[in-house]
Every structure is written in structure tokens, then in C-alpha cells.
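Trainee: mind folding the following:
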Amino acid sequence: MPQYDLVVIGSGPAGQRAAIQGAKSGKRVALVERREVIGGVCINTGTIPSKTMREAVLHLSGYNYQNIYGVSYRVKEKITMSDLAFRVQHVIKTEIDVTQAQLSRNGIEVLTGIATFTSPKTVQITNARGSSEISAEIIVIATGTKPAASPKVPINARTIINSDQILEMQTLPRILIVVGGGVIGVEYTCMFATLGVRVTLIERRPRLLEFADSEIVEALSYHLRDHRVTMRLNEEVHSVEEGPNGAGVIALLESNKKVSGDALLYAVGRQGNVDELNLQAAGLEADNRGRIAVDENYKTKQDNIYAVGDVIGFPSLASVSMEQGRIAVAHAFHRPISSNPSYFPFGIYTIPEISFIGKTEEQLTDEDVPYEVGVAYYREIARGQIRGDTTGRLKLIFHRDTLELLGVHIIGEGASELLHIGQAVLILKGKVDYFVDTVFNYPTLAECYKAAAFNGLNKLVRV
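Mentor: Numbering: from 1, shown residues only. Below you'll find the model as predicted:
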């Protein structure tokens, strides 16, 4: 039986970083992936395809320049699903090649097959050629998630689909129903609305993206309505059925409303990929959503087994999953490591983007922290006018007495990149007046930091 120092199950962002950290620590590492290609959901059906599709949508629709040349401006008049899939497949192939090269350079052995625990330190790998068993001192579970299913929504991969099946659609629907107001549902709602598709978004909670700042989410909601998106909040799907002769789809809501469309995307949550792991043999279990419980170092209740990435639940971000994989393996092999999850940034690739770090106004209010807010609008910044983005805004939250930066919240194109300036200041316990005393290139969106800082500090002066 082959013996390894570290076995990682799953080759998504968390698994890749876990395996590489093990290799950098001088350990013999095996990475087990059930697919014939590496990269997991992130590269093959999730993050990379959806963000690439978003970029294709922005380019082909001419969205970024419609404020300048008019709402009728388009790079391509008739956009098809094939147009979107072409760019996606190109990026996926490149990412797979890059990842394979990186694993190879680090001497990581990639094993293809389904991994099943036979004991806390042994794993059976089954593929078309048969099965074999390997053992390791440390095992990391990084199997990710799959779209959650519901008996109310009979997925047929044609008119009723989940998020993994988006690019398999043959034609662009005229009317799309999206069930789920979380990150995935809202991102795809934005993309299809930008293409001119009439979208109805159904969400059982009172607002979208409940974990994000309410003002930023309200700005996004206004933008969606402006793009003819109908939002059915506080509504839940009772049942879904195909239309007459299999044409279209009809969703019946608990409130007895009926919503009809050409297609329906079901994007309510995801389920951990644990069904084939045989966790019981490892002395572990998962909850009803397939999530594995871990401590602050991502160790399970078995001392030699760690779990990282989406399979442990929120926040389920590729960037965070990478860090979790690195931290888990460094801890397992007693390597020095430093990380603070409270400073992990969030990037939501809606149109326009949302990105944030630190506290929201709601959290600070609940904690009785005295704070002030400074806001800058893209439309008041020269770069915003040049780019044609007049909807964006940057929001700084800081302590009223100490002026320490407590949170940065941005909506607008480039938000996920722009955020990292504020991230550095926040992590270093910087104060909001840092932005006042700093010179930013002109014209850039980074000037929003200076404008927002002045806006917030001026409120203190008036008080």
C-alpha cells in the first residue's frame, strides 16, 4: 500500500493550496480527483466559467459604454449561448493547464478516482481501471459542493436547470425565472438581465445577499429593477412544472402566484460532496447539508483529518478556500502560520460588482460602536465618467472617536480590485485620515477613497 505524508481529496482551490503547502513543507503528497481533469467545481463549472461568462456578457453587450454611447449600443447585436461558451471553454482549458503545471513542478502526485475512507488513515481510490488503497498521516477533505436539489423543482437539464448546467442551454431564453437570491442566483440574474433577458428573481428572504451591507444591496436592487428585473421577495416556490408540450416552465408560489418563463434556474444553496467519502469509516459525519464541522485550524474531530473549502460551509469563496487549505496543512505539519478570517475580503461578481471587508453598519449598530460613514460616487470621480460607470459608489465606515477604519463597502465595476487598498489600511489598523493625506494617481477610481474620507470627516466637523 503506497504511503504518503499527506493525501488531499479534491483538486479545487482549497485542495490545490493544501497540496502545494504540503509539498513546500517537504512532504510526499498525493492529490485525489474524481474527474479526469483537475480544478474541481471552481475551474470546471463554478467560479471560472461564471466569471468568464460575465466578462463575455459585458464585452458583447457593450454594457460598460452604454452610458456614453446610449442604451442601444452593442458590440454584437444577436448574442448566443455559443458566443458565451466559446470564451469560457478557452479560459477553462488554460486554467487547467496552468494548475497541472503548478502541481507537477511541486512534485505532487495526482490520482484519478473516487476516494472512499476505509479508516481514519486509509483511503480507497476507485476508477475505471479498478481500485487501490493508499494511506497517509494527514488527510485533507476538500471535496467542495454540488447544487442543492429540491423535490419541488424537477431538474430536466433543458428548461429547468441548476447552476452547473448554465452553459448547456441551447438558446438564450427570452424570459428566465431565477429561484434563489444568494450569490449564484443574483450573479446570473445580472448577467442575463444585461443581455436583455426578462428575469424574475424569487427569494424567500426579505432582501438579497443578507450578509452584505444593506445600502450596497439596495443600490444593486435599484440597478436590477432599472434593467427590468422583477424581484419576488418573501416568496417561496411551491412547485415547478413544464409548460404545455414541454415548452417553457411555470413556477407556482406559496402565495398562489404563478410565474412563467422560457427557462428556470434553481440556485438555492449547495450541498457538500460527501456522499461517496464513507465518513463513518473515518469516524466523522456531516450535517444535513453535507457540511463537515471543523475548529479554528480546520481540523475535524479526528486529529489527523482536516476539512477545507466549500465543504465546511460559509463563506464558500474560492479566495478563502485557498487560504483555508494553506492554513490547515501548515498547522498539521507544525509550520508557522498567521491568518485572521475576520479580514477575509468578499467579492461578488454581480453587474455591477460588489466587494467588501470588515464590519457593516448593521453589525456596528448591534455592537453599540460609535461610527461615521463617508461615501464617494463614481459619477463624481473623473475616472468614473471616463469609464461610463455612473452607478458605482465607495463607502468607508470608521470609528467616530479614534477614526480607525472599520469597514469598506464598494459597488461598481472594478470593486473587487479597488477593495484591496482599503483592505491593507484596515488590516494595519489605519485611520480614515490616511486617505486624506495620500496622493492617488489621477484620474483613477482609487480617488474615491480620498473623496469618501473627506465626506466622512466633514460630517464630524459639522457636528
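Trainee: and I327, what are its phi and psi?
Mentor: I327 adopts backbone torsions of phi -60, psi -40, taken as degrees, to the nearest 10.
Trainee: tell me the contacts of it?
Mentor: Shown in contact with I327 (Cβ atoms under 8 Å, 6 or more residues apart in numbering): N297, Y298, V308, I337, S339. For the C-beta atoms, the positions are set from N, CA and C on the backbone; glycine is no exception.
Trainee: ok, 6 Å please
Mentor: The neighbours of I327, taking Cβ atoms under 6 Å, 6 or more residues apart in numbering as the test, are I337, S339.
Trainee: just I114 next, same as before
Mentor: Contacts of I114 by Cβ under 6 Å, 6+ apart are R34, T126, E276.
Trainee: buried residues, stretch 66-73. List them.
Mentor: Using 16 or more other Cβ atoms under 10 Å as the test for burial, stretch 66-73 gives N67.
Trainee: ugh, typo on my part, it should be stretch 402-413
Mentor: Neighbour-count burial for stretch 402-413 [16+ other Cβ under 10 Å]: L403, L405, L406, G407, V408, H409, I410, I411, G412, E413.
Trainee: can you check stretch 190-202 too?
Mentor: Buried residues in stretch 190-202 (16+ other Cβ under 10 Å): C190, M191, F192, A193, T194, L195, V197, R198, V199, T200, L201, I202.
Trainee: again, but for stretch 375-390
Mentor: Buried residues in stretch 375-390 (16+ other Cβ under 10 Å): V375, A376, Y377, Y378, I381, R383, G384, R387, G388, D389.
Trainee: of those, which belong to strands?
Mentor: Judged by DSSP state E, these include V375, A376, Y377 as members of strands.
Trainee: CSV for the residues you listed, including distance to N288 and pLDDT?
Mentor: Output for these, formatted as CSV (distance: Cβ to Cβ, whole Å; pLDDT from 0 to 100):
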residue, distance to N288, pLDDT
V375, 41, 98
A376, 44, 98
Y377, 44, 97
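Trainee: quickly list what I357 is bridged to.
Mentor: For I357, the beta-bridge partners are V408 (DSSP bridges).
Trainee: now do it, the pLDDT please.
Mentor: At I357, the pLDDT value in this model is 97.
Trainee: please tell me I have it right and V57 contacts G196.
Mentor: No - counting by Cβ atoms under 6 Å, V57 stays clear of G196, with 10.5 Å between them.
Trainee: helix or strand next in line after the lengthiest helix in the chain, which one?
Mentor: When the chain is parsed with DSSP state H, its longest helix is helix 81-105. Note on helix 81-105: by DSSP states H and E, the next helix or strand toward the C-terminus is strand 109-112.
Trainee: other residues contacting that following strand?
Mentor: The contact list for strand 109-112 (Cβ under 6 Å, 6+ apart) reads A30, L31, V32, I125, N127.
Trainee: that'll do, ta.
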